[in-house]
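# Model the following, please.
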Amino acid sequence: LFIPTEQAVHVYDTILEAGGGCGLMHAGLKALGSLRIEKAYRDYGHDLDNLDTLLEAGLGFTADFTKPFVGREETLKQKAAGPLARRLVQVALTDPEPLMYHGEVIYRDGVIVGDIRSASYGHTLGGAVGLAMLEPANREPITPAWIRSGTWEVDVAGTRYPARVSLQPMYDPKNERVKC
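All right, here's what the predicted structure looks like:
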């Protein structure tokens with residue numbers, strides 16, 4: 001929003017009043033970061049970079065493949081090739097005490113398969129939660145069945161903690177809570 005300075009308080013009050021019925025409330029920067037990660041919202045520069053494809057980032061749903069865009073043909077080829085061997089996922093520790101920040105190593109069945117790109121404490125989920133890029137050395141396709149069949153751990157400061165891994169957001173996967 002671009003508003004004249006003298007109208008800032010009025011616009012602020014109007015937004016708060018209009019959003020009251022939807023549960024709009026104040027939130028600080030750390031709260032926004034925590035909620036973003038709980039919802040698995042990606043942050044370019046933290047979770048994603050120019051080496052990650054649209055599909056690897058789990059953002060294929062954002063593309064209209066009926067229209068031209070930069071990288072469309074390569075994305076269609078990657079999509080046609082089948083399940084990906086590199087994928088951004090959400091990871092949550094099952095122990096509520098340890099914290100993750102970024103750079104923690106992820107294990108599947110005792111083998112390193114990726115690392116945490118960003119993390120925070122997820123107050124809604126009740127423990128540390130993060131976004132991680134998985135890239136198994138054997139290039140095994142990352143599918144929901146592959147994720148369910150594994151035993152997951154995250155190394156936090158030299159201690160491995162059990163974890164849950166998901167291709168979908170663990171909080172509100174169907175976007176029912178973000179609609180008012």
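
# what separates the helix or strand hosting residue 12 from the chain centre, distance-wise?
Taking DSSP states H and E as the criterion, residue 12 maps to helix 8-19. Centroid separation for helix 8-19 versus its chain: 30 Å, with CA atoms, centre = their mean, to the nearest Å.

# for stretch 76-89, same thing?
Centre-to-centre, stretch 76-89 and its host chain are 17 Å apart (CA atoms, centre = their mean).

# Residue 42 contacts residue 52, doesn't it?
No. In terms of CB atoms under 8 Å, residue 42 does not count as a neighbour of residue 52; the distance is 9.2 Å. Every C-beta, even on glycine, is put in place using the N, C-alpha and C of the backbone.

# before we move on, back to that, what does the helix holding residue 12 rub up against?
The contact list for helix 8-19, computed with CB atoms under 8 Å, 6 or more residues apart in numbering, reads 1, 3, 24.

# how about these in TSV, adding distance to residue 141, neighbour count and pLDDT?
As requested, those are exported to TSV (distance: CB to CB, whole Å; neighbours: other CB atoms under 10 Å; pLDDT from 0 to 100):
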residue	distance to residue 141	neighbour count	pLDDT
1	44	6	79
3	49	10	91
24	41	13	85
